[in-house]
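*Asks:* my questions concern the predicted model and sequence given below.
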Amino acid sequence: SYGFLNVKTIVSETHSISNPKISSFSNGDAIITWTQNRYSLSDSSFLPKDSTFIEAYIDGQNIWYAIYQNSNDSVVYRDTLNDNTYNSNAMAEGEAAVTAGPGNDAIISWLVEDPGLNTTDIYYVNINNTSGNWTMTSPAKIVDLLGSNYKAEVRFVDNTHAVAVWINDADGYDTTANNQIVSYIWSGTAWSALSPEVAPTQSNVNYEEVSFDVNNGYALVAYTAVNYVDTGIVSKTVEAKIYDNTNDIWPALSTILDVDTITDFNLPSVSISDSGLVAVTYQSINRFTDTIPDQGQLNLLVCNLANPNVWRAITKAELKFLCDTNTFVWQMATAFGQNGVLNILTQETDTVAGQFLAPTNGMVFGKQDLGLVMRNVKIDPTTLTIVDAPNPCNNTVGVQQLNNYHENNSIFIANYPNPSSDYTIFDYVLKESSSVKLEIFDLQGNIVDTPLNQFLYLGKYKTVYNTSKLSNGVYMYKVTMANYSVTKKLVIAK
């Protein structure tokens with residue numbers, strides 16, 4: 001629920017905490033990971049007093065995890081992932097991620113950097129949850145690949161098998177175009193390489209970011225790349241590859257989703273629905289502007305894997321459902337939810353105002369000062385067009401904790417001003433998605449108007465209603481959804 005009806009505190013520390021991630025099993029149990037600094041400011045007496053103080057403080061990070069048990073609605077365990085770099089000031093750990101499979105297994109992966117050797121390795125643990133009994137393997141490297149390894153994403157393909165995709169840079173330097181995108185498969189006991197690479201080393205290409213998803217037998221990667229040519233012109237691309245299930249390989253050629261010589265592309269995010277609908281979302285930014293951070297634009301390309309050669313870019317007219325024009329996005333995650341609705345969660349800033357402003361086309365997710373916004377888009381799998389934005393610009397307001405929400409009711413509603421002279425605002429909160437009808441009756445039971453009659457997804461909404469067409473007097477308004485209705489009084493006094 002967007003309303004956070006039951007907030008759980010996982011950890012409260014004086015140490016810096018970042019990059020929280022969560023993944024849940026089918027029974028509602030969940031694993032949460034985050035990065036936590038080894039030191040708090042109060043620990044400064046134990047740190048070096050020379051110029052390495054700040055570096056040691058910043059690099060001194062560990063990966064933590066917690067286990068949430070659904071049966072008793074509580075966090076039952078919390079600890080560090082104690083790999084062999086745990087006590088090393090020089091080792092920086094980060095980019096923890098967790099993915100739970102459809103069975104009893106989950107995998108946590110994270111990066112361990114050794115600045116002295118200019119290397120970064122990917123570590124993992126396998127966690128098993130059988131009948132409430134939790135077991136975990138010892139931390140180990142997925143594979144010992146030379147150089148830097150980063151941007152890792154892991155997804156389960158069945159109950160026990162998982163695939164990891166990441167970028168490998170053989171010499172560890174971003175300035176040399178010699179990296180590649182690799183993939184490895186987990187058998188349940190060991191990792192082995194999938195050959196050929198997702199994207200092999202090319203002398204004129206540097207891969208920057210990668211996103212990966214698996215669902216219902218399909219696997220797809222999307223990545224951003226910098227392309228160099230002899231003339232000195234640099235182009236940026238967004239590319240995608242769909243795994244070839246027939247030949248059991250990644251195809252040699254990618255699909256170019258976007259290309260430009262003056263635009264940066266970043267934050268690619270891939271999601272596959274249960275029905276095989278694919279969405280690739282990413283941000284584009286003009287590289288040659290003096291505005292820092294520049295105003296970004298969210299882009300969305302979609303494809304039905306039943307016809308994998310046809311991709312459609314959502315038009316600018318439809319993009320109003322994705323991003324305000326002044327928005328710079330810092331982080332983004334996407335996932336298909338119920339009924340094929342694509343959920344897009346961003347952390348963003350209004351670059352004109354220089355701070356986060358409530359969006360005109362999304363829902364504030366959690367506390368407003370976090371800058372988190374949820375946007376929902378439904379895409380027709382045949383036409384590949386947006387057929388519904390469950391929270392359109394003129395109806396949506398911020399989501400907040402539902403302190404006055406009654407657990408046994410499916411809807412909470414209030415309106416103001418009441419009495420009203422020219423307009424009134426109906427605020428309503430849905431605990432579940434449903435068709436919602438708002439009707440206004442006179443005291444004889446006649447329907448005077450129906451301001452709202454549509455399907456809405458769970459969340460908080462407002463409807464502004466023009467009451468100037470109503471005569472003075474007492475009216476009743478009724479809100480009806482699938483299994484609940486509420487009727488209240490509306491007074492018109494001009």
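*Replies:* Happy to help now that I have it.

*Asks:* for residue 81, give me phi and psi.
*Replies:* Per-residue torsions, residue 81: phi -90, psi 100 (degrees, to the nearest 10).

*Asks:* that one contacts residue 110, doesn't it?
*Replies:* Yes: with contact defined as Cβ atoms under 8 Å, residue 81 counts as touching residue 110 (7.0 Å). Backbone N, C-alpha and C define where each C-beta goes, glycine included.

*Asks:* ok, the two, which is more surrounded?
*Replies:* More crowded of residue 81 and residue 110, by other Cβ atoms under 10 Å: residue 110, with 27 against 20.

*Asks:* other SSEs contacting the strand or helix carrying the more buried one?
*Replies:* Using DSSP states H and E, residue 110 sits within strand 105-114. Packing partners of strand 105-114 (3 or more Cβ pairs under 8 Å, 6 or more residues apart in numbering; DSSP states H and E): strand 30-37, strand 61-69, strand 92-100, strand 119-130, strand 148-156, strand 162-169.

*Asks:* could you dump those into CSV and include distance to residue 381, mean neighbour count and mean pLDDT?
*Replies:* Output for these, formatted as CSV (distance: least, Cβ to Cβ, whole Å; neighbours: other Cβ atoms under 10 Å; pLDDT from 0 to 100):
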stretch, distance to residue 381, mean neighbour count, mean pLDDT
strand 30-37, 30, 21, 90
strand 61-69, 34, 22, 89
strand 92-100, 25, 21, 87
strand 119-130, 34, 19, 90
strand 148-156, 22, 22, 92
strand 162-169, 25, 24, 94
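
*Asks:* how many other residues sit next to residue 270?
*Replies:* Using other Cβ under 10 Å, the number of residues around residue 270 comes to 24.

*Asks:* could you do residue 136 as well?
*Replies:* Number of residues near residue 136 (other Cβ under 10 Å) recorded here: 17.

*Asks:* specify the beta-bridge partners of the residue nearest to it when sequence neighbours are not counted.
*Replies:* Among residues not flanking residue 136 along the chain, residue 127 sits closest, at 4.9 Å (Cβ to Cβ, 6 or more residues apart in numbering). Beta-bridge partners recorded for residue 127 (DSSP bridges): residue 106, residue 136.

*Asks:* so where do the strands sit in the stretch 301-450 of the chain?
*Replies:* Ranges of strands in the stretch 301-450 of the chain, per DSSP state E, counting those that start in this stretch, are 311-313, 327-336, 341-350, 363-364, 372-379, 386-388, 411-416, 423-430, 434-441, 447-456.

*Asks:* what's the average pLDDT for the fifth one?
*Replies:* Looking at strand 372-379 alone, the average pLDDT works out to 83.

*Asks:* chain center to it, what's the gap?
*Replies:* Here strand 372-379 is found 10 Å from its chain centre; the criterion is Cα atoms, centre = their mean, to the nearest Å.

*Asks:* mind giving me the packing neighbours of it?
*Replies:* Using 3+ Cβ pairs under 8 Å, 6+ apart: strand 372-379 touches strand 341-350, strand 363-364, strand 386-388.

*Asks:* so what sits opposite the closest residue to residue 272 other than its chain neighbours in the bridge?
*Replies:* Excluding its sequence neighbours, the residue lying closest to residue 272 (Cβ to Cβ, 6+ apart) is residue 215, at 3.9 Å. Beta-bridge partners for residue 215, by DSSP bridges, are residue 218.

*Asks:* ok, what's across the strand from the spatially most central residue of the chain?
*Replies:* Centroid check for the chain by Cα atoms, centre = their mean gives residue 333 as the closest residue, at 1.8 Å. Under DSSP bridges, the beta-bridge partners of residue 333 are residue 345.
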